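Visitor: Sequence and predicted structure are below.
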Amino acid sequence: MLIWLGLHGQPQGASVCHCSQCRKQSGHLWASAHVPRAEITITGPVRWFEATPTATRGFCPRCGSSLFWAAHDEDRISFALGALNPLTGLTLSKHIFTASKGDYYDIADDLPQIYL
């Protein structure tokens with residue numbers, strides 16, 4: 001069974017995460033956006049992993065694709081932009097956790113960088 005993602009609201013905060021966890025999980029960077037939990041429908045066999053005491057990550061148990069990130073204390077859920085069909089209409093707005101980005105690449109655009 002495939003995982004299906006249905007969005008019922010306009011995604012916000014399209015960003016690229018450079019933290020060490022996202023780099024290790026994805027093999028490089030993780031681009032995502034978020035919606036309130038009430039505005040997303042997820043069907044299929046998502047597996048959830050408690051990555052830290054404050055957040056879980058959702059992935060496909062069949063292929064291993066990283067699909068979701070959710071903080072325990074927030075009412076929103078982030079989803080991988082790469083999991084959407086093309087022509088999303090979304091535009092990246094920032095880079096986050098750039099203080100822990102890999103040393104093997106440069107950020108070469110003019111988007112804001114949040115160092116956290």
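Guide: Here it is on my side, so go on.
Visitor: thought residue 102 was touching residue 19?
Guide: No. With contact defined as C-beta atoms under 8 Å, residue 102 does not count as touching residue 19 (10.4 Å). Backbone N, C-alpha and C define where each C-beta goes, glycine included.
Visitor: Any idea which helix or strand in the protein has the lowest mean pLDDT?
Guide: Per-element confidence for the chain was summarised using mean pLDDT, DSSP states H and E. The lowest value among helices and strands belongs to strand 4-7, with a mean of 82.
Visitor: Give me the sheet partners of that strand and which way each runs.
Guide: Each strand that pairs with strand 4-7, with its direction, by DSSP bridges: strand 40-43 (antiparallel).
Visitor: returning to what we had before: quick one: distance of the least confident helix or strand of the chain to the chain centre.
Guide: Strand 4-7 has its C-alpha centroid displaced from the chain centroid by 14 Å (C-alpha atoms, centre = their mean, to the nearest Å).
Visitor: Restrict that strand to CA atoms and write it as CSV.
Guide: Output for strand 4-7, consisting of C-alpha atoms alone and laid out as CSV, is shown next (Å, rounded to 0.1, in the frame of the first residue of the first chain):
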residue,chain,number,x,y,z
TRP,A,4,-1.0,9.2,0.3
LEU,A,5,-0.7,12.8,1.5
GLY,A,6,-3.7,15.1,1.3
LEU,A,7,-3.3,18.8,2.1
